[in-house]
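>>> How does the following fold in three dimensions:
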Amino acid sequence: MKNIFALILILSLLTACQTTQAGSGAGLGGLIGATVGALTFKNKISGAAIGAGVGTLVGYMIGNEMDKQDRVQMSSVLESTPSGNTVAWSNPRNRTRYRATPHPPRRHGRRIVRDVTLQATTPEGNTETIYARAYRQPDGSWQLEQ
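Below is the predicted model of the structure:
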């Protein structure tokens with residue numbers, strides 16, 4: 001039983017450290033899956049492990065779908081928004097509001113890069129300002145650096 005609680009604690013800590021919806025979904029899915037697995041299987045440890053694995057995969061898939069919409073919007077901002085102008089949008093799936101302000105493109109080494117200031121406001125009212133950099137790929141699209 002101590003192993004189950006340790007697994008749940010570790011998964012909850014991992015969930016708190018994620019910065020993308022896919023990562024958060026994976027962590028939360030693993031936590032829920034481990035709990036359900038431990039409660040429904042006769043062998044609690046096996047049930048928790050199987051539940052955590054399935055929950056992690058399902059949570060990641062759901063979170064990744066949420067991230068896709070934001071990546072599409074950010075690509076549009078980088079491609080067509082004049083420098084210094086701010087574009088706002090809201091992700092209907094997670095209800096987070098975004099404001100992105102791209103800066104002028106410039107050469108950095110062999111790459112063309114464009115910095116962007118992104119302000120994200122969660123439904124709870126927490127606001128985070130993120131400074132990101134995107135670079136122009138050979139196909140002409142913009143790729144955010146991680």
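>>> what sits against the closest residue to residue 116 other than its chain neighbours?
Distances taken as C-beta to C-beta, 6 or more residues apart in numbering put residue 102 closest to residue 116, at 4.7 Å, once the chain neighbours are dropped. In this view, the C-beta of every residue, glycine as well, is placed from N, C-alpha and C. By C-beta atoms under 8 Å, 6 or more residues apart in numbering, the contact list for residue 102 reads 77, 78, 81, 83, 84, 85, 114, 115, 116.
>>> Check the residues you listed for burial and list the buried ones.
77, 78, 81, 114, 115, 116 (16 or more other C-beta atoms under 10 Å).
>>> what about the residue lying farthest from the centre of the chain, distance to residue 117?
Largest separation from the mean C-alpha position in the chain: residue 42, at 34.5 Å (C-alpha atoms, centre = their mean). To residue 117, residue 42 is 53 Å away according to C-beta to C-beta, to the nearest Å.
>>> so where do the helices sit in the chain?
Applying DSSP state H to the chain gives helices spanning 2-16, 21-40, 44-80.
>>> So what's the residue count around residue 105?
By other C-beta atoms under 10 Å, the residues close to residue 105 number 16.
>>> From what I see, it and residue 113 are in contact.
Yes: taking contacts as C-beta atoms under 8 Å, residue 105 lies within contact range of residue 113: 7.0 Å.
>>> what do those two both touch?
Contacts common to residue 105 and residue 113, judged by C-beta under 8 Å, 6+ apart, are residue 136.
>>> And the pLDDT for the residue nearest to residue 116?
Residue 102 is assigned 91 on the pLDDT scale.
>>> for residue 26, same thing?
Residue 26 carries a pLDDT score of 65 in this model.
>>> and residue 35, how far is that from residue 74?
For residue 35 relative to residue 74 (C-beta to C-beta), the value is 34 Å.
>>> Correction: the previous question concerned residue 103.
Counting by C-beta to C-beta - residue 103 and residue 74 are separated by 14 Å.
>>> These two: which has the busier surroundings?
When residue 103 and residue 74 are compared for neighbours, residue 74 comes out ahead with 21 against 14, by other C-beta under 10 Å.
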